[in-house]
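>>> A structural model of the following input is requested.
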Amino acid sequence: MKPLCRWFLFLLILSTSTAAAQNLNYEKQARSFVNELARGDYAAIMQHFDATMRSQLPEEKLKQIWQGLIAQTGEFQRQGRVFSQAKGPYTMVNVACIFAQTSLDCRVVFDQNGKISGLFFLPLQDAPAFPLPDYAKPKRYTEKELSFGKEPWILPATLTLPRTEEPVPAVVLVHGSGPNDRDETIGGNKVFRDIALGLASRGIAVLRYDKRTLVHGRELDPATLTLQQEVIDDALAAVRLLRAHPAIDSSRVFVLGHSLGGMSIPRIAAADKKIAGFIIMAGPTRPLYSLLQEQYTYIFSLDSVISPLEQEKLDQLQQQIATLQDSLALHNSAAKELPLGLHPAYWQDLLAYDIRAAAREITAPVLVLQGGRDYQVSLADFEGWKQALSQNPLARFILYDDLNHLFISGSGRSTPAEYQKTGHVSVKVIEDIARWISEIP
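Presented below is the predicted three-dimensional model:
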């Protein structure tokens, strides 16, 4: 590769901010930023920049930098691993970008308001070493890399298999919202890797995969994307893959959904009646916009004071929610006028989805798990599952008082900063899932 100009590699513009931290998943934000770069959606990127970045790196200049980078590295192909580190008031996220001729890190710097205040293109950096949980026993399992799905949406995956000659039960892991990797890396944590290694150490195979919005974010049309394309189609394809695998007991394939993945379980169940059972971890039963209101209010209230800027954001969210509830206004709205910047098609799909009504149709075994310290999906949702599944004699519910949204133990009120600390899914969760699966013939 030709040496990249210093201004490609070391473009960094920092500004200061004193506003309180918000409930933002910076790694997902950074992945979305890279997708927007790849699509050439520079206008959308400007919305994420702070004032200094918008001034010093306007659309045309950013376009020149990206196109100059492509000229030297070849076409952008896909994203790779991601990791984040906090430095003072900033969070730095490194997203591996694979080009035709080389790979680079795109380092996106976020300020305390969640605005992008810095940007680097750097040689690939080594991600911080991530320890195995104590319950992972590497001598008891192997890991195989594979891919599945139909063109053009082929997804890379990892199958974690117990070391045994007998066919084993298996679980497909279905991610939460955003362009998640197969490990469901969130801050300093890898939720799905923990679950995969923990269950495989106990005789249960696990398939985890990079999400379609991560692998094919550039090709997907955000204006037509719905939950079906984002989550459900690939989860069903993963189930079919496991059923056909010679090491798997085809009659004992389960699906585990976390957060948005948990919310998707009733639709997955309706589409494939042969799935042996379902595990719902922190799955919402209320509309997503209700959770957003609750989450924002919780975060802004952590310091006991809602600032004028925070109140402005709450008012803006309320106005966006009002648009959702007016079908004509929703149909005619731009994505930037709606919660999370999602297009009308996505919200129309969610608004038509009655989670509890769909859950009442599930006749297979269901295990619902909830963390008592979870502020993203609360006990109100846990109770919603209890009500919706009250007529299913095969439904079981477990509440863990000390666990947060990632099912990691802690004390006191959970905060976004907690996600940046490296931890592991509680061994109690691993053992409960393994025991539950072993009890299902």
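>>> okay, CA-based contacts and neighbour counts for the rest of this
Will do.
>>> Please report the number of neighbouring residues for Tyr90.
Neighbours of Tyr90 under the rule other CA atoms under 10 Å: 21.
>>> now do Arg373
Residues near Arg373, counting by other CA under 10 Å, number 25.
>>> What's the mean pLDDT across stretch 170-179?
Averaged over stretch 170-179, pLDDT sits at 94.
>>> One more: stretch 31-40?
In this model, stretch 31-40 has a mean pLDDT of 91.
>>> hey, C-alpha coordinates of that stretch in PDB?
Extracted C-alpha coordinates of stretch 31-40, given in PDB (Å, rounded to 0.1, in the frame of the first residue of the first chain):
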ATOM      1  CA  ARG A  31     -20.200   1.200  13.300                       C
ATOM      2  CA  SER A  32     -23.200   3.200  11.900                       C
ATOM      3  CA  PHE A  33     -20.800   6.100  11.200                       C
ATOM      4  CA  VAL A  34     -18.600   3.800   9.100                       C
ATOM      5  CA  ASN A  35     -21.600   2.500   7.200                       C
ATOM      6  CA  GLU A  36     -22.600   6.100   6.400                       C
ATOM      7  CA  LEU A  37     -19.100   6.900   5.200                       C
ATOM      8  CA  ALA A  38     -19.200   3.800   2.900                       C
ATOM      9  CA  ARG A  39     -22.600   4.900   1.500                       C
ATOM     10  CA  GLY A  40     -21.400   8.400   1.000                       C
END
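>>> contact partners of that stretch?
The contact list for stretch 31-40 (CA atoms under 8 Å, 6 or more residues apart in numbering) reads 42, 44-45, 63, 66, 76, 79, 95, 106, 179, 214, 217-218.
>>> Give the buried residues for that stretch.
Buried residues in stretch 31-40, counted by 16 or more other CA atoms under 10 Å: Arg31, Ser32, Phe33, Val34, Asn35, Glu36, Leu37, Ala38, Gly40.
>>> Now intersect those residues with the strands, please.
Within the buried residues of stretch 31-40, no residue falls in strands by DSSP state E.
>>> okay, the residues you listed in JSON lines with distance to Ala100 next?
Below are the buried residues of stretch 31-40 laid out as JSON lines (distance: CA to CA, whole Å):
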{"residue": "Arg31", "distance to Ala100": "19"}
{"residue": "Ser32", "distance to Ala100": "20"}
{"residue": "Phe33", "distance to Ala100": "20"}
{"residue": "Val34", "distance to Ala100": "16"}
{"residue": "Asn35", "distance to Ala100": "16"}
{"residue": "Glu36", "distance to Ala100": "18"}
{"residue": "Leu37", "distance to Ala100": "16"}
{"residue": "Ala38", "distance to Ala100": "13"}
{"residue": "Gly40", "distance to Ala100": "17"}
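>>> ok, of those residues, which one's closest to Arg360?
Ser32 (34.7 Å; CA to CA).
>>> Can I have the buried ones of the contacts of stretch 31-40 as a ChimeraX selection?
A single ChimeraX command is used to select the members of the contacts of stretch 31-40 judged buried by 16+ other CA under 10 Å:
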select :42,45,63,76,79,95,106,179,214,217,218
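>>> Name the spans of the stretch 201-350 of the chain whose pLDDT lies under the cut-off.
By pLDDT under 70, the stretch 201-350 of the chain has no low-scoring segment.
>>> cutoff 90 now
Low-confidence segments of the stretch 201-350 of the chain (pLDDT under 90): 214-219, 303, 305, 309-310, 336, 340-341.
>>> where along it do the strands fall?
For the stretch 201-350 of the chain, applying DSSP state E, counting those that start in this stretch gives strands covering 205-209, 248-258, 277-281.
>>> contacting residues for Ile279?
By CA under 8 Å, 6+ apart, the contact list for Ile279 reads Phe254, Val255, Leu256, Gly257, Gly262, Val366, Leu367, Val368, Leu369, Ile433.
>>> And the strands in the stretch 1-150 of the chain?
For the stretch 1-150 of the chain, the strands defined by DSSP E, counting those that start in this stretch occupy 76-87, 90-99, 103-110, 116-123, 141-148.
>>> Let me have those strands in JSON lines, adding distance to Ala329 as columns.
Converted to JSON lines, these look like this (distance: least, CA to CA, whole Å):
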{"stretch": "strand 76-87", "distance to Ala329": "35"}
{"stretch": "strand 90-99", "distance to Ala329": "36"}
{"stretch": "strand 103-110", "distance to Ala329": "32"}
{"stretch": "strand 116-123", "distance to Ala329": "30"}
{"stretch": "strand 141-148", "distance to Ala329": "39"}
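>>> Just put those in CSV and tack on mean pLDDT.
Formatted as CSV, those follow (pLDDT from 0 to 100):
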stretch, mean pLDDT
strand 76-87, 86
strand 90-99, 91
strand 103-110, 94
strand 116-123, 93
strand 141-148, 96
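>>> so which of the ones you listed is the most packed in?
When those are scored by mean count of other CA atoms under 10 Å, the highest mean neighbour count falls to strand 103-110 (a mean of 24).
>>> show me what contacts the closest residue to Leu214 other than its chain neighbours?
Once flanking residues are discounted, Leu214 sits nearest to Pro179: 4.4 Å by CA to CA, 6 or more residues apart in numbering. With contact set as CA under 8 Å, 6+ apart, Pro179 has these partners: Lys28, Arg31, Ser32, Lys211, Arg212, Thr213, Leu214, Gly217.
>>> Could you do Leu146 as well?
By CA under 8 Å, 6+ apart, the contact list for Leu146 reads Pro156, Ala157, Thr158, Leu159.
>>> which of these has the most neighbours?
Busiest of the contacts of Leu146 [other CA under 10 Å] is Leu159, holding 22 neighbours.
>>> mind listing what that one touches?
Leu159 touches Glu143, Lys144, Glu145, Leu146, Ala205, Val206, Leu207, Arg208, counting by CA under 8 Å, 6+ apart.
>>> Could you report the separation of it from Ala237?
14 Å (CA to CA, to the nearest Å).
>>> likewise Gln325?
From Gln325 across to Ala237, the span is 33 Å (CA to CA).
>>> Repeat that for Asp111.
Distance, Asp111 to Ala237, by CA to CA: 39 Å.
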